[in-house]
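Q: Next input, structure requested:
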Amino acid sequence: MNDMLISPYIIAIVSGWVGAHVIKYVVSVVRSEQHGLKSHLFRSGGMPSSHSTTVVALAMLVGLRDGFSSGLFGVSLLFALIVMYDAVKVRRSSGEQGEALRLLIKEQKSGIKLPRAAKGHSPIEVVAGLLLGTIIGLVVFLSTK
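A: Numbers count the residues shown, from 1 in each chain. Okay, the predicted model is just below:
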């Protein structure tokens, strides 16, 4: 159990997630959006993509520690690509449809409870997550050698 708590892989995952959400909070404050820090830890969408940051940090660390030609890196790279594709294509589309549905329900003054519309990510948010994840993976690698 103790090995899991100090695993560089777990450190990369947690650092990516926390780092991305802290940056989301700072971006929100700069944009004068009204969200508390606590809500940013579980908020979907926004700059940068925490999903992208986390999976890229992990993939980068796996590549640096286990080799970029290893099977484990191949699996982690595939996982990262699927997550980033999903964030831009599937989740973004679903979020846009959810927002349209919410507007229609409001416009019709329907008694239907408004559904939650989770946002996906724009391509730039995913690229920012990719860059942040690359940096975090490299920092974790250098600090846990």
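
Q: Count the residues that sit near Lys109.
A: 6 (other C-beta atoms under 10 Å). In this view, the C-beta of every residue, glycine as well, is placed from N, C-alpha and C.

Q: Model confidence score at it, please.
A: In the prediction, the pLDDT value recorded for Lys109 is 76.

Q: again with Ser76
A: The per-residue pLDDT reported for Ser76 equals 97.

Q: where's it relative to Val55, distance?
A: Remark: distance between Ser76 and Val55 (C-beta to C-beta, to the nearest Å) = 7 Å.

Q: and those two? which has more neighbours close in?
A: Val55 (26 against 21).

Q: State whether that one and Tyr85 are indeed in contact, as I suppose.
A: No. Checked against C-beta atoms under 8 Å, the pair Val55 and Tyr85 is beyond contact range at 11.2 Å.

Q: what residue ranges in this structure are flagged as low confidence?
A: 1-5, 33-44, 92-93, 95, 115, 117-118 (pLDDT under 70).

Q: Residue for residue, what is the longest helix it has?
A: Identified as the longest helix of the chain according to DSSP state H is helix 8-30.

Q: Buried residues of it, list them for me.
A: 8-9, 11-13, 15-17, 19-21, 23-25, 27-28 (16 or more other C-beta atoms under 10 Å).

Q: the helices in the chain, which residues?
A: Here the chain has its helices, by DSSP H, at 2-5, 8-30, 37-40, 50-66, 71-88, 90-107, 123-143.

Q: Adding distance to Arg116, write the ones you listed out as JSON lines.
A: Shown next, in JSON lines, are the helices of the chain (distance: least, C-beta to C-beta, whole Å):
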{"stretch": "helix 2-5", "distance to Arg116": "33"}
{"stretch": "helix 8-30", "distance to Arg116": "18"}
{"stretch": "helix 37-40", "distance to Arg116": "13"}
{"stretch": "helix 50-66", "distance to Arg116": "18"}
{"stretch": "helix 71-88", "distance to Arg116": "17"}
{"stretch": "helix 90-107", "distance to Arg116": "7"}
{"stretch": "helix 123-143", "distance to Arg116": "20"}
